[in-house]
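*Asks:* return a 3D structure for these sequence lines:
(4 chains)
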Protein chains: 2
Amino acid sequence: MSTTSSSQGIDAAPLRRRRADAERNRVRVLDAARELFGQRGDEVQMDEVARRAGVGVGTLYRHYPTKEALVAAAAEQRFSEIQAAYRAARADVADELEALRLLLVHVGEAQTRDRGFSIVVETTLGSGDPPGGARAELEAELTALVRQGQASGVIRPDIDPADALAVTCGLATAIVRRPAREWHHYVDIIIDGLRTH
Amino acid sequence: MSTTSSSQGIDAAPLRRRRADAERNRVRVLDAARELFGQRGDEVQMDEVARRAGVGVGTLYRHYPTKEALVAAAAEQRFSEIQAAYRAARADVADELEALRLLLVHVGEAQTRDRGFSIVVETTLGSGDPPGGARAELEAELTALVRQGQASGVIRPDIDPADALAVTCGLATAIVRRPAREWHHYVDIIIDGLRTH
DNA sequence: TCTGAAAGCGGAGTCTGGTTCCGGATGGTA
DNA sequence: TACCATCCGGAACCAGACTCCGCTTTCAGA
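*Replies:* A predicted model of the protein is given here:
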């Protein structure tokens, strides 16, 4: 888990190469943001991130236009991690519904570990995000899974893949709101609710 | 639906009777809050509520210590309305699971109608609220329903009533995040997920 | 009815935290 | 080495929740 954060994904076309010090700072900021937002979520202030990264607030804002954008960028990595873990385990799984469970469990685990990630899932999953990022990829994966599951008959036909996405946002809220509970139960409820009977 | 808001429920023991003008202002504030938070949720500012109520901000804060408290107080009424509607219809329903569906549908409807109510459900349902209010009563109702449903065998035994509460918070998020979608599907998914198979 | 003081009021001012701005420093190229 | 576009730091700005206090109103009791 190197902190490369190369100019892929979220970043638009880097028409002009960034100066070396700017790139160095961007990575520092992102690392600080990952650590702090991951631990304490939205309560962390921008000044603190800047201090931890060893830069001024201005530098934060040059790279990320708003706090929300920084939180999102810090969480982006989790989406790739989830996708990787999911792909590695998918072959061992019986059908699309179990694959979906696997995906939700990975999402849930990331949520208990990373509070910034929780915020992103809870507030922005599925709401017109830019294509190309790991987040959009994961959403596409989930959508495809629901469609395939419906085609093969294990997932109820009367829902839209977007419904599954919305329910995943809901899962996020449930986990965040009541972290002490056995959140695997929430996943069980959702998966059984999506099953054809 | 008069705006009585008598000194029941949330208010602690009113040791000393409130002055008449104070009570009048409290009701005005609550009415303004209901209207504005209901329409536009959290984006409404305290100054605007005060203006609409025809009082100063200081008066708002004398009656409700924080914005959050005012939003919650404004939403409280919805909980009683839901409870009333639910009780009126409950007799016509087959079993505890269908009763639960009824409850969730009422909650969902209130959410599409009242953005302040959504916020309250989403953020604070089940998180150690003070007993005595309509909200706590509704939670108790839901808890009892799950227990009874488990006893009679229609609701899966491996969950805790608090899980149902958490999932209801999740429902709130799903509805708020994607209001355009047919949110009855979310309820279907949850209800089928809670069923014994 | 009158009166004193407790209760309540308004809204300017405080405080917090996100965001902007700009004078000075730096990296990279000619 | 010099030039300048790019970048930097952090003080200043601003929005919006919340506080404070001098003035006003209510309402027992006389």
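*Asks:* work out for me the element the residue most central in space within chain A sits within.
*Replies:* Centroid-nearest residue in chain A: residue A:79, 4.2 Å away (criterion: Cα atoms, centre = their mean). Counting by DSSP states H and E, the element that carries residue A:79 is helix A:67-90.
*Asks:* so which bits of that helix are buried?
*Replies:* Within helix A:67-90, the residues that count as buried by 16 or more other Cβ atoms under 10 Å in any protein chain shown are A:67, A:70-79, A:81-83, A:85-86. In short, each C-beta sits where N, CA and C put it, glycine included.
*Asks:* same for it, what does it pack against?
*Replies:* helix A:20-40, helix A:46-53, helix A:96-113, helix A:115-124, helix A:134-152 (3 or more Cβ pairs under 8 Å, 6 or more residues apart in numbering or on different chains; DSSP states H and E).
*Asks:* so which of the ones you listed is the most packed in?
*Replies:* Among those, judged by mean count of other Cβ atoms under 10 Å in any protein chain shown, the one packed with the most neighbours on average is helix A:115-124 (a mean of 23).
*Asks:* what is the orientation angle of that one with helix A:67-90?
*Replies:* 100 degrees (axes from the mean of the first three to the mean of the last three Cα atoms, to 10 degrees).
*Asks:* and the nearest residue to residue A:35 once chain neighbours are set aside, what does it touch?
*Replies:* If the residues on either side of it in the chain are set aside, residue A:35 comes closest to residue A:52, at 7.2 Å by Cβ to Cβ, 6 or more residues apart in numbering or on different chains. Residues in contact with residue A:52 (Cβ atoms under 8 Å, 6 or more residues apart in numbering or on different chains) are A:32, A:35-36.
*Asks:* output those as a markdown table; include the columns distance to residue B:141 and pLDDT.
*Replies:* What follows is the contacts of residue A:52, written out as a markdown table (distance: Cβ to Cβ, whole Å; pLDDT from 0 to 100):
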| residue | distance to residue B:141 | pLDDT |
| --- | --- | --- |
| A:32 | 46 | 98 |
| A:35 | 43 | 98 |
| A:36 | 41 | 98 |
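*Asks:* out of the residues you listed, which one sits closest to residue A:93?
*Replies:* Residue A:93 lies nearest to residue A:35 out of the contacts of residue A:52, by Cβ to Cβ, at 32.8 Å.
*Asks:* quick check: the residue of chain A nearest DNA strand D.
*Replies:* DNA strand D sits closest to residue A:58 of chain A, with a gap of 1.9 Å, by Cβ to the nearest atom of the strand.
*Asks:* give me the buried positions along whichever strand or helix holds that residue.
*Replies:* Assigned by DSSP H and E, residue A:58 belongs to helix A:57-63. Across helix A:57-63, burial judged by 16+ other Cβ under 10 Å covers A:59-61, A:63.
*Asks:* need phi/psi at residue A:155.
*Replies:* For residue A:155, the backbone dihedrals (degrees, to the nearest 10) come out as phi -110, psi 140.
*Asks:* swap in the one 3 residues further on?
*Replies:* Comment: the main-chain dihedrals of residue A:158 come out as phi -90, psi 10, following degrees, to the nearest 10.
*Asks:* A strand includes residue A:197, no?
*Replies:* No: under DSSP: H, G, I helix; E, B strand; the rest coil, residue A:197 falls outside any strand and is assigned coil.
*Asks:* residue B:111 versus the residue lying closest to residue A:143 once chain neighbours are set aside, what's the distance?
*Replies:* Distances taken as Cβ to Cβ, 6+ apart place residue A:161 nearest to residue A:143, at 4.1 Å, with adjacent residues excluded. Counting by Cβ to Cβ, to the nearest Å, the gap between residue A:161 and residue B:111 amounts to 22 Å.
*Asks:* quick revisit: whether the helix holding residue A:58 contacts DNA strand C - can you check?
*Replies:* Yes: using Cβ under 7 Å from any atom of the strand, helix A:57-63 reaches DNA strand C at A:57-58, A:61.
*Asks:* pLDDT and distance to residue A:187 added to those residues, as JSON lines?
*Replies:* Output for those, formatted as JSON lines (pLDDT from 0 to 100; distance: Cβ to Cβ, whole Å):
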{"residue": "A:57", "pLDDT": "98", "distance to residue A:187": "39"}
{"residue": "A:58", "pLDDT": "97", "distance to residue A:187": "43"}
{"residue": "A:61", "pLDDT": "98", "distance to residue A:187": "38"}
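*Asks:* mind listing residues that contact stretch A:141-157?
*Replies:* A:83, A:86, A:95-97, A:99-100, A:103, A:159, A:161-162, A:164-165, A:168, A:194-197, B:192.
*Asks:* ok, residue A:42 touching residue A:72?
*Replies:* No: taking Cβ atoms under 8 Å as the definition, residue A:42 is not a contact partner of residue A:72, at 11.9 Å.
*Asks:* helices or strands up against the helix-or-strand element of chain A with minimal mean pLDDT?
*Replies:* Across the helices and strands of chain A, mean pLDDT, DSSP states H and E gives its lowest value to helix A:161-177, namely a mean of 86. Using 3+ Cβ pairs under 8 Å, 6+ apart, the elements in contact with helix A:161-177 are helix A:96-113, helix A:115-124, helix A:134-152, helix A:184-194, helix B:161-177, helix B:184-194.
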